[in-house]
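> curious how this folds, go ahead:
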Amino acid sequence: MWTAIDNYWRTASQPCTLHSHQDFPSTPHEEEDKPTTADRLFHAAMAQFTAGLSPASLAMAYFDWMLHLSQSPGKQKILVEKAVRKSTRLGLYAMRNLTGKPCAHCIQPLIHDQRFRAQEWQQFPFCLIYQNFLLIQQWWYNATTGIAGMSAHHEQVVSFAARQLLDLVSPVNFIATNPEVLNAIATQQGQNLIRGAEYLIEDAEHMLGGHAPLGVENFRPGKEIAITPGRVVFRNHLIELIQYAAQTPEVFEQPIFIVPAWIMKYYILDLSPHNSLVNYLVGQGHTVYMISWRNPTAEDRDLGMDDYLHQGVLTALSEIIKRESLDVKIQAVGYCLGGTLLAMAAAWLAQQKNNNISSLTLLAAQTDFTEAGELRLFIDESQLDYLDDMMWNQGYLDTRQMAGTFQLLRSNDLIWSRMVNLYLLGKREVMTDLMAWNADATRMPFRMQSEYLRKLFLNNDLFEGRFKINDRSIALSDIQLPTFVVATETDHVAPWRSVYKLNLAITGDVTFLLTSGGHNAGITSEPGHARRHYKIGLCPHADRYTDPEAWLQVSHYVEGSWWPAWTAWLEHAQSKKVANQIAEPFIQGLPAAPGDYVLQK
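Next up, the predicted model:
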């Protein structure tokens, strides 16, 4: 025994030698177990009943909230006091209304909440009903926020879930507590409910039959919308490249290359002739190239971000250069996720010392995802693992699953208010080109969507310099191009303050423009569009950083569409024009615009 102890101490006293992981034999215990097929199939089946939401993620958020609240007696005391004060205010408000005395409301709806604006809601007892609802809503916001120790992500999830449940039981949603519906029943002898029932049956038939919403048949790509003259000049498995010739006697020498998002169909930028950005550009003397993405199927499950970059953006750039000239300069434009991909391509090209891009325009596109709005509610390890398994089973993320996520973010406007107007008030919305485009959704390949959500949303690899192209990390700081960035005031997909963060990354001068409207309507904002305005300001790289709030104070306010300001910026970067041959490009076997891929369902 003593010999063994002596040997042990002799060994322990020797200098320590560090070994690499490869020096030790691998054992089954060291290998990371991959998800089993049984687990994935179970999660995919469960996702059909949970709308793709992870029960584990929601449960963790709930228990985080409950446990921290249960250990916060001070917070509990504050909530009790708030409940008593709100009840007292509501009681006094009710008594003043009963006596007929004028009195101020207990609480005002939030600016974006239009549910209680109608005059009928100001009459007793409905004013009392909605005031009670708003006070309860405010109390629950207080109850789910500001709890010490609770993670910020779980706080946002619990607060969001509470708001969704409250919206479900809003007095607007019930006949007996909605004075607008009661008034419509009285004045129309109940015909509004009969129409609403008919609409409900029609919509159910369309949904169960897998048909598009009523009215979209009046907005067909290539017929009523997406009709700017052009032709497909290149096609591979992933993209069709469409060329639109300028419609002026002289044409700017540098063509415009537009990369739309593949979560949407490209013709958001070529809707009706009056609000088509493409039509506007060719009318100003620009040659325009646009990518039209393939609508992927289960066979495309292994397409990744690198495929969208190489087979998409970089291949299209190469084809444009072949068609124009080897020394052509291209003004590149990216919209939404297409803008994010274009920023990656620009950083990679800068790394390769390629200078074919002369300017960069990003429309409602994020490069930093730490403040990416309420979409981050659905981004954590548990949720993404659940989503991966659902997509693994299907091969893609379905259009309806994506649409459901975006509708939840604005459930007041996109779900409950719409249902009340349609089925209780009997008012069907008149279909518009933008609404028809919104109904024409696409799918997202399994691998690409998983990489996009994990590398960009969850890990923020692009902004922090970890995103790799061809096994080499790219840096946005390599981009030294003049850049024009457009964000929208009410964007819930790419909040403008998140878009603004590009100023922290690139090393070129940035012209930042903030326009009225949301993610889509704010971009399709043609000259003459009513109630449009924007703020614009230059952020020179040589100057010190200006934060978003300070930029708001010093930027220039302008009434009207932002399109003329942008085209003036494009034209300032290139003064040279050449005679326009207006010869429509033709390549054997390729169709005229809008092409074939945009018609894929």
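
> domain ranges for this structure?
Under automatic domain parsing, the residue ranges defining each domain of the chain are 40-164, 170-211+399-442, 231-370+460-599.

> could I get the ones you listed as a markdown table with distance to N218?
Backbone N, C-alpha and C define where each C-beta goes, glycine included. Below are the domains of the chain laid out as a markdown table (distance: least, Cβ to Cβ, whole Å):
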| stretch | distance to N218 |
| --- | --- |
| domain 40-164 | 27 |
| domain 170-211+399-442 | 6 |
| domain 231-370+460-599 | 11 |
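
> of these, which approaches L387 most closely?
domain 40-164 (6.3 Å; Cβ to Cβ).

> which strands and helices lie in contact with the host helix or strand of L165?
Here L165 sits within helix 152-168, counting by DSSP states H and E. Contacts defined by 3 or more Cβ pairs under 8 Å, 6 or more residues apart in numbering; DSSP states H and E place helix 152-168 against helix 55-70, helix 126-144.

> who's in contact with it?
With contacts defined as Cβ atoms under 8 Å, 6 or more residues apart in numbering, helix 152-168 is touched by 57-58, 60-62, 64-65, 133, 136-137, 140-141, 143-145, 147, 374, 376-377, 380, 408, 411-412, 416.

> which among those residues count as buried?
Listed as buried from the contacts of helix 152-168 are 57-58, 60-61, 64-65, 133, 137, 140, 143-144, 147, 374, 376-377, 380, 408, 411-412, 416; burial here means 16 or more other Cβ atoms under 10 Å.

> mind listing what's buried in stretch 538-553?
Going by neighbour count (16+ other Cβ under 10 Å), the buried part of stretch 538-553 is C539, T546, P548, W551, L552.

> for the third one, report the pLDDT, please.
Predicted confidence (pLDDT) for P548: 94.

> find the nearest non-adjacent residue to the residue nearest the centre of the chain, please.
For the chain, the residue nearest the mean C-alpha position is V493 (3.0 Å; Cα atoms, centre = their mean). Nearest non-adjacent residue to V493, counting by Cβ to Cβ, 6 or more residues apart in numbering: H519, 4.5 Å away.

> quick check: the one you found touching E489?
No: counting by Cβ atoms under 8 Å, E489 is not a contact partner of H519; they are 10.6 Å apart.

> who's more crowded, these two?
When H519 and E489 are compared for neighbours, H519 comes out ahead with 21 against 15, by other Cβ atoms under 10 Å.

> give me the number of residues near I194?
Using other Cβ under 10 Å, I194 has 12 neighbouring residues.

> contacting residues around the closest residue in space to it that isn't next to it in sequence?
Nearest residue to I194 in three dimensions, chain neighbours excluded: G426, at 7.4 Å (Cβ to Cβ, 6+ apart). By Cβ under 8 Å, 6+ apart, the residues touching G426 are A184, Q188, Q191, N192, L193, I194, R195, G196, Y199.

> change it to 10 Å
Neighbour list for G426: 181, 184-185, 188, 190-199 [criterion: Cβ atoms under 10 Å, 6 or more residues apart in numbering].

> how about the strands in the stretch 251-400 of the chain?
Ranges of strands in the stretch 251-400 of the chain, per DSSP state E, counting those that start in this stretch, are 256-259, 288-293, 330-335, 357-363, 396-397.

> could you export those as TSV, including distance to R163, mean pLDDT and mean neighbour count?
Output for the strands of the stretch 251-400 of the chain, formatted as TSV (distance: least, Cβ to Cβ, whole Å; pLDDT from 0 to 100; neighbours: other Cβ atoms under 10 Å):
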stretch	distance to R163	mean pLDDT	mean neighbour count
strand 256-259	35	98	26
strand 288-293	34	97	26
strand 330-335	29	97	26
strand 357-363	29	96	24
strand 396-397	25	90	24
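
> of all those strands, which one comes closest to R497?
Of all these, strand 357-363 sits nearest to R497, with 14.7 Å by Cβ to Cβ.

> and the angle from the closest one to strand 330-335?
Between strand 357-363 and strand 330-335, the angle comes out at 20 degrees (axes from the mean of the first three to the mean of the last three Cα atoms, to 10 degrees).

> CA atoms only for strand 357-363, dumped as PDB, please.
Extracted in PDB, the C-alpha atoms of strand 357-363 (Å, rounded to 0.1, in the frame of the first residue of the first chain):
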ATOM      1  CA  ILE A 357     -20.900  47.400 -56.500                       C
ATOM      2  CA  SER A 358     -20.900  51.200 -56.500                       C
ATOM      3  CA  SER A 359     -23.600  51.900 -53.900                       C
ATOM      4  CA  LEU A 360     -25.800  50.000 -51.500                       C
ATOM      5  CA  THR A 361     -29.400  50.500 -50.600                       C
ATOM      6  CA  LEU A 362     -31.200  48.500 -47.800                       C
ATOM      7  CA  LEU A 363     -34.900  48.700 -47.500                       C
END
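
> chain center to that strand: distance?
Chain-centre distance of strand 357-363: 20 Å, with Cα atoms, centre = their mean, to the nearest Å.
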